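Asker: Fold the following for me, if possible:
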Amino acid sequence: MECLACNYQGEFLSSLYPSAGRTNVLHFEVINVCPKCGMGSVQTSLTQDDLDQFYSSGGYWSDAFSSAGLLTHQMVQAKVRLEKVEPYLNSRRSIRVLDIGAGNAFIADHLRKFFPTQKLAYYFIEPDKNLAESNLRKKLDFEIQSMRNASEFGEKFDVVFLNHVIEHVFDPIGLLKTISKSLGPSGIIYVELPNRDDQFKTDVFPHTLFFTKDAFERMSAKAEVNVLSIEIFGSEGRPGRFNFRNRFWGRIFHHSVKHGCSCLSEFSNRRIYSYKKNPNGIWLRAVIQNPRSLS
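Answerer: Have a look, this model is predicted:
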């Protein structure tokens with residue numbers, strides 16, 4: 001066995017795959033963990049085609065996107081992501097966006113707020129057909145187009161969003177290489193993923209990979225992309241993080257969502273998850289660039 005990120009060869013650590021909540025229809029049972037860089041990978045004989053078929057079936061997405069509270073949480077996350085890429089893009093006259101694994105395309109909903117004067121174009125890849133059709137019906141003042149897969153990357157993009165996608169694949173290096181070729185001059189990729197969530201979640205299904213900051217940096221080097229920034233962030237993903245403070249803001253959040261108080265629900269969500277740099281946080285985020293795309 002060889003580590004995907006650091007090429008370590010030797011004895012790996014093993015842990016049980018946490019899947020207490022959702023039905024583990026892919027039968028993931030064991031995670032192999034590299035003792036050198038800390039990266040984990042699921043032990044399975046499935047292929048990427050098997051995973052693609054699972055996601056396109058719609059069963060996973062119908063469960064994941066059913067809660068009003070979760071939809072509000074995803075909306076706030078979209079705003080935070082745009083806050084992070086804005087400094088890299090705000091001097092451009094036009095911005096072409098590709099959103100991979102777009103879900104409900106909340107990025108598109110808030111693009112104009114962050115880039116009020118630029119000419120915008122939004123492209124997305126979403127395997128669930130119902131969500132994709134819903135996204136195409138959005139009434140916005142810029143172009144929205146759906147793409148089926150990476151083979152359609154004929155366009156050159158200013159920013160590609162890869163939010164909570166890379167932990168769902170078997171070949172993240174190949175994915176980053178493919179996406180980096182789609183960047184226009186000085187284009188960037190914003191990547192967001194869990195920070196070894198198997199260590200604190202009771203259900204990580206259907207994640208296939210479990211990254212540390214070190215593992216992601218090593219993998220990026222193998223994908224021949226430059227890491228412009230990388231950090232661990234968010235609330236602490238360890239036992240005890242649901243303290244009195246978070247329980248208080250959690251109640252505020254759920255009541256505000258229930259009664260349609262959008263400003264209060266966003267404020268309380270930010271208080272709960274604290275989308276700021278935190279060495280013990282639950283997520284990783286990085287801005288990367290293909291050195292060959294530099295103008």
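
Asker: So which residues of this structure form helices?
Answerer: Using DSSP state H, the helices of the chain run over residues 48-56, 59-64, 68-89, 106-114, 129-136, 172-180, 213-222, 244-258, 262-273.

Asker: quick one, which of these is nearest to residue 163?
Answerer: Nearest of these to residue 163, taken as C-beta to C-beta: helix 68-89 at 6.5 Å. All C-beta atoms are positioned from the backbone trio N, CA, C, and that covers glycine.

Asker: What helices and strands are in contact with that closest one?
Answerer: In terms of contacts (3 or more C-beta pairs under 8 Å, 6 or more residues apart in numbering; DSSP states H and E), helix 68-89 is packed against helix 106-114, strand 157-163, strand 183-194, helix 244-258, helix 262-273, strand 281-289.

Asker: For those, please prepare TSV with the additional fields mean neighbour count, mean pLDDT and distance to residue 137.
Answerer: What follows is the helices and strands packed on helix 68-89, written out as TSV (neighbours: other C-beta atoms under 10 Å; pLDDT from 0 to 100; distance: least, C-beta to C-beta, whole Å):
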stretch	mean neighbour count	mean pLDDT	distance to residue 137
helix 106-114	18	97	11
strand 157-163	22	96	20
strand 183-194	21	96	25
helix 244-258	15	90	24
helix 262-273	18	95	21
strand 281-289	21	97	30
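
Asker: Distance to residue 139 for these - can I get that in CSV?
Answerer: Shown next, in CSV, are those (distance: least, C-beta to C-beta, whole Å):
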stretch, distance to residue 139
helix 106-114, 11
strand 157-163, 21
strand 183-194, 25
helix 244-258, 24
helix 262-273, 19
strand 281-289, 30
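
Asker: what about the chain, any weak spots by pLDDT?
Answerer: 21-24, 58-66, 150-153, 237-242, 294-295 (pLDDT under 70).

Asker: Any chance of JSON lines for the helices of the chain, columns distance to residue 230?
Answerer: Output for the helices of the chain, formatted as JSON lines (distance: least, C-beta to C-beta, whole Å):
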{"stretch": "helix 48-56", "distance to residue 230": "25"}
{"stretch": "helix 59-64", "distance to residue 230": "26"}
{"stretch": "helix 68-89", "distance to residue 230": "11"}
{"stretch": "helix 106-114", "distance to residue 230": "20"}
{"stretch": "helix 129-136", "distance to residue 230": "29"}
{"stretch": "helix 172-180", "distance to residue 230": "13"}
{"stretch": "helix 213-222", "distance to residue 230": "6"}
{"stretch": "helix 244-258", "distance to residue 230": "26"}
{"stretch": "helix 262-273", "distance to residue 230": "19"}
